[in-house]
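[1] One predicted model, sequence on top.
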Amino acid sequence: MKNRNYKGFWALFLGLFVFALLFNSCEDDDEGSSAPMTITKVYLEDAQSSVPDREVTFARLGQTLRLEGSGFIGMEKVYINGYENYFNPVYVTDNSMLVSISVDVPTIDAPEEVRNSIRLGKGESNIFTYSFEIRASAPSITNISHTMPQAGDSITIYGVGLQGITSVSFPGDIVVTEGIVSDNIEGEFCKVIVPEGISDDGGSLLVVGANGGAYSPAYFNFKKGLYHNFDDVDNYAWASGIDNDDTPLTDVIPANGDGPKSQGGYHSFNVAGDTIATNADRRYWTNSESWPSALLDVIPGSTAAADCGVQMDIYVEGEWTSGVIRMIMADGSGTDRYSMIYRPWYENDAVVPFENPGYWFTVTFPFSDSEDYEGGTFSDVLASMVAASYKQSGPWFHNIGLPSDTEGEPDIVESTATDVKIYFDNLRVVPLNAPTYSDFPDDEE
């Protein structure tokens with residue numbers, strides 16, 4: 001009897017305890033819903049950073065924030081730039097909570113009344129809004145239309161997140177802040193006029209805009225790597241099928257426009273506009289006994305083949321639908337060895353006729369595009385040139401289509417006769433690596 005009374009007592013006690021917890025929980029929820037909210041500080045949560053819990057004044061899409069303040073218990077909604085964002089109630093206390101910024105949050109296209117804001121909501125009447133800058137994902141530079149232009153030329157910088165660009169810094173600490181035209185819708189490019197006084201040592205461009213900053217590869221105006229330009233740097237060996245042999249062309253082309261034009265002498269694979277038959281080629285050779293070793297003074301031999309390559313500037317007249325520019329570094333081992341290819345007319349598994357954009361532009365051949373150099377270094381490139389049967393290197397126009405990856409199979413795209421004119425100049429070896437831009441350089445150091 002006493003045992004039954006004992007068990008009943010504890011059952012009653014536990015029931016009352018649970019009821020009290022539920023009652024207090026409801027009371028806390030009621031008080032939490034009515035308690036005012038405030039945000040005093042915002043922290044960026046990044047486990048990979050040297051400062052994993054960093055106080056910040058801005059953040060990017062996809063990042064996780066820790067809000068510090070008061071009155072967070074009972075939180076129902078978190079809006080960033082007017083867009084509702086997920087938060088886990090498990091990580092909410094009265095003074096701290098975590099929230100992830102959705103990649104779908106609008107940034108510069110957000111309505112002005114909600115742009116750069118975090119809005120907390122507990123019911124319709126308990127709202128708190130905190131001003132806080134929201135940026136898109138970090139920008140990046142993928143290409144520059146011309147990497148060795150002249151002062152006064154208009155160049156285009158291509159990339160991602162290039163909205164609202166406010167400054168472009170050139171080698172030599174030359175900064176342009178006016179006349180910049182940005183693609184503020186897609187953020188795919190910005191345009192800028194090249195200033196006077198850029199350092200001939202070359203380096204990276206730095207663009208800064210609405211989404212932060214980004215560096216280009218360090219190849220801009222890298223004149224230290226120039227090994228042939230038909231003017232004051234000449235390593236000519238011989239040519240095959242090239243008009244005028246080694247007599248450079250000098251007419252300024254194009255005659256109009258604000259984009260880069262020809263720079264002194266230049267050459268063409270087909271200045272007369274003749275028909276070039278399928279599988280035919282036209283070659284221009286430089287003497288590779290005279291210049292490669294000197295480049296070790298400007299590009300370390302240990303540089304990965306993926307982080308350096310050859311650039312040249314070209315100008316195209318006519319529609320380009322067949323043929324490639326083949327950059328051969330070490331001659332004597334067959335057409336496909338020690339070479340990199342530029343084929344602009346094949347995109348996304350389809351032939352897209354290429355037409356010149358209206359100005360000279362730069363073509364880049366990373367050494368790692370050649371299977372012979374893949375995974376190697378710049379020293380490996382130079383070693384192949386020293387060991388080559390013929391000490392010559394240079395660009396060809398080779399009128400081939402797109403070969404199949406399977407030996408013996410027909411070409412994916414057959415070559416056709418073409419009369420395209422391609423002019424070229426400024427052969428140079430350049431670095432392709434880019435500095436890392438940090439939103440918090442001082443802290444990272």
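    Sure thing, it's come through.
[2] what sits opposite F354 in the beta ladder?
    For F354, the beta-bridge partners under DSSP bridges are W320.
[3] Excluding chain neighbours, what is closest to P431?
    Distances taken as C-beta to C-beta, 6 or more residues apart in numbering put A218 closest to P431, at 4.7 Å, once the chain neighbours are dropped. C-beta here means a position set from N, CA and C on the backbone, and glycine is covered the same way.
[4] pretty sure that neighbour contacts L205?
    No. Assessed by C-beta atoms under 8 Å, A218 is found out of contact with L205, at 9.4 Å.
[5] quick one: P149 from I155, how far?
    Between P149 and I155 the computed distance is 5 Å (C-beta to C-beta, to the nearest Å).
[6] likewise F397?
    F397 is 25 Å from I155, by C-beta to C-beta.
[7] Same check on S404?
    37 Å.
[8] Show me which of these two is the more surrounded one.
    With neighbours defined as other C-beta atoms under 10 Å, S404 and I155 compare such that I155 has more, 23 against 12.
[9] Mean pLDDT per helix and strand in the chain: which one sits at the bottom?
    helix 2-34 (a mean of 43; mean pLDDT, DSSP states H and E).
[10] Contact partners for the nearest residue to D274 once chain neighbours are set aside?
    Leaving out its chain neighbours, the residue that sits closest to D274 by C-beta to C-beta, 6+ apart is D419, at 6.5 Å. By C-beta atoms under 8 Å, 6 or more residues apart in numbering, the contact list for D419 reads N270, G273, D274, T275, I276, G318.
[11] correct me, but I155 touches I144?
    Yes. Using C-beta under 8 Å, I155 makes contact with I144 at a distance of 6.3 Å.
[12] Buried ones in stretch 397-412, by neighbour count?
    F397, H398, N399, I400, G401, L402 (16 or more other C-beta atoms under 10 Å).
[13] Closest one of those residues to I101?
    L402 (42.6 Å; C-beta to C-beta).
[14] How many neighbouring residues does the nearest residue to that closest one once chain neighbours are set aside have?
    Setting aside the residues directly before and after it, L402 is nearest to V413 in space (C-beta to C-beta, 6+ apart), at 3.9 Å. For V413, the count of nearby residues is 19 (other C-beta under 10 Å).
[15] unless I'm mixing things up, V413 is touching R343, no?
    No. V413 lies out of contact with R343 (C-beta under 8 Å); the separation is 9.5 Å.
[16] which residues are in contact with both of the two?
    With C-beta under 8 Å, 6+ apart as the test, V413 and R343 both reach L402.
[17] tell me how far stretch 228-235 is from the chain's mean position?
    In terms of C-alpha atoms, centre = their mean, to the nearest Å, the centre of stretch 228-235 is set 31 Å apart from its chain centre.
[18] Name the residues of that stretch that are buried.
    Residues of stretch 228-235 classed as buried by neighbour count (16+ other C-beta under 10 Å): H228, N229, F230, N235.
[19] Now intersect these with the strands, please.
    Applying DSSP state E to the buried residues of stretch 228-235, the entries found in strands are H228.
[20] So which of the buried residues of stretch 228-235 is the closest to Q263?
    N229 (7.6 Å).
[21] quick one, what contacts that closest one?
    N229 is in contact with Q263, G264, G265, D425, N426, L427, counting by C-beta under 8 Å, 6+ apart.
[22] Give me the phi and psi angles of it.
    In terms of degrees, to the nearest 10, the main-chain angles of N229 are phi -140, psi 10.
[23] where's it relative to G309, distance?
    For N229, the distance to G309 equals 17 Å [C-beta to C-beta].
[24] Hmm, D313 is touching Y359, no?
    No. Contact between D313 and Y359 fails when scored by C-beta under 8 Å: they sit 9.9 Å apart.
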